[in-house]
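Colleague: Sequence and predicted structure, then a few things I'm wondering about:
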Amino acid sequence: MDARTIELLKQVSTATISTQLLSRGLRNTFLHGIKPLTGHRMAGPAFTLRYIPAREDIDVLAVYQDYDHPQRKAVETVPPGHVLVMDCRGQGRAASAGGILATRLQVRGAAGLVTDGTLRDTPEIAKLAALPVYAAGASPLTNLAQHHAVDLDVPIGCAEVAVYPGDVMVGDAEGVVCVPRHLAQEVAEAASEQERLEAFIQQEIAAGKPLRGTYPPDEATRERYRLQADG
Ligand SMILES: O=C([O-])CC(=O)C(=O)O
Ligand SMILES: [Mg+2]
């Protein structure tokens, strides 16, 4: 994934990206119900972790003694610049990670943390200066009370959206959208162009122009936009 594509995607809104994906036939790309915890914008390829339901005879506290426990391994192997995306089947009675793991992700240069479950230690996570974090809420209970980490870097569902490793996860104040990897570059370019045009339309509407002719822009409005862009 080239750096320019990531940079462009980080600057545009999830609303704009959703429209660009819809215009290419993709309707189910926004992770509904997932909210920002730290407020930082996010863009980076997905590295995934899949959880299945926990079972009491297997998921006991002693499993954390294994440093290769898949949850811990995910945190230690997500490549820098990638977003760790966790599939919790939308279940949040137990947290999918906590403050120490999130701090480790930040130190390792991860581009973000996304879960369709919950997180614990959220007051500390909210203070992280550089890591974008998105979750469905908070739960103080550790993950193995409900979740069993199984697979790394496989296709997952997150908030009922298909996420394939390498798809680009983009986050802003409204939440997270998943951009299929093969569309990332063209969507990034088209979304930037759409936002330049919409900034002009926004100015016109604020200055008193009616919707008719302005939004969507007719040829005359487009011509004024081109003149402003050239000038
Ligand atoms: O048990 C967990 O999910 C991990 C945890 O609290 C932390 O990372 O601080
Ligand atoms: Mg903790």
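Modeller: Happy to help now that I have it. This structure is a prediction, so every number in the text was calculated from the model and none was measured. Ligands and ions are numbered 1, 2, ... in the order given.

Colleague: For stretch 52-72, measure first residue to last.
Modeller: Stretch 52-72 has its terminal residues 16 Å apart, counting by C-alpha to C-alpha, to the nearest Å.

Colleague: list the contacts for Val176?
Modeller: Each residue near Val176 by C-beta atoms under 8 Å, 6 or more residues apart in numbering is listed here: Thr14, Phe30, Leu31, Ile34, Met42, Val114, Tyr134, Ala159, Met169, Val170. Glycine gets a C-beta too; all of them are placed from N, C-alpha and C.

Colleague: residues near the residue lying closest to it once chain neighbours are set aside, how many?
Modeller: Leaving aside its sequence neighbours, Val176 sits nearest to Leu31 (C-beta to C-beta, 6 or more residues apart in numbering; 4.5 Å). For Leu31, the neighbour count with other C-beta atoms under 10 Å is 25.

Colleague: My read is that Leu31 contacts Val114, right?
Modeller: Yes: in this structure Leu31 lies within contact range of Val114 using C-beta atoms under 8 Å: 7.1 Å.

Colleague: all helices of the chain, in order?
Modeller: With DSSP state H as the criterion, the chain has helices at 3-11, 14-22, 70-77, 99-107, 122-125, 184-206, 219-230.

Colleague: Please compute how far the second one lies from its chain's middle.
Modeller: Spelled out, that is helix 14-22. Its chain's average C-alpha position is 13 Å from that of helix 14-22, according to C-alpha atoms, centre = their mean, to the nearest Å.

Colleague: contacting residues around that helix?
Modeller: Here helix 14-22 makes contact (C-beta under 8 Å, 6+ apart) with 9, 27, 29-30, 170-172, 174-177, 179, 183, 187, 190-191, 194-195, 198.

Colleague: Can you check which of the helices of the chain gets nearest to ligand 1?
Modeller: Smallest distance to ligand 1 across these (C-beta to the nearest ligand atom): 3.4 Å, for helix 99-107.

Colleague: buried ones in that closest one?
Modeller: With burial defined by 16 or more other C-beta atoms under 10 Å, the residues of helix 99-107 counted as buried are Gly99, Leu101, Ala102, Thr103, Arg104, Leu105, Gln106.
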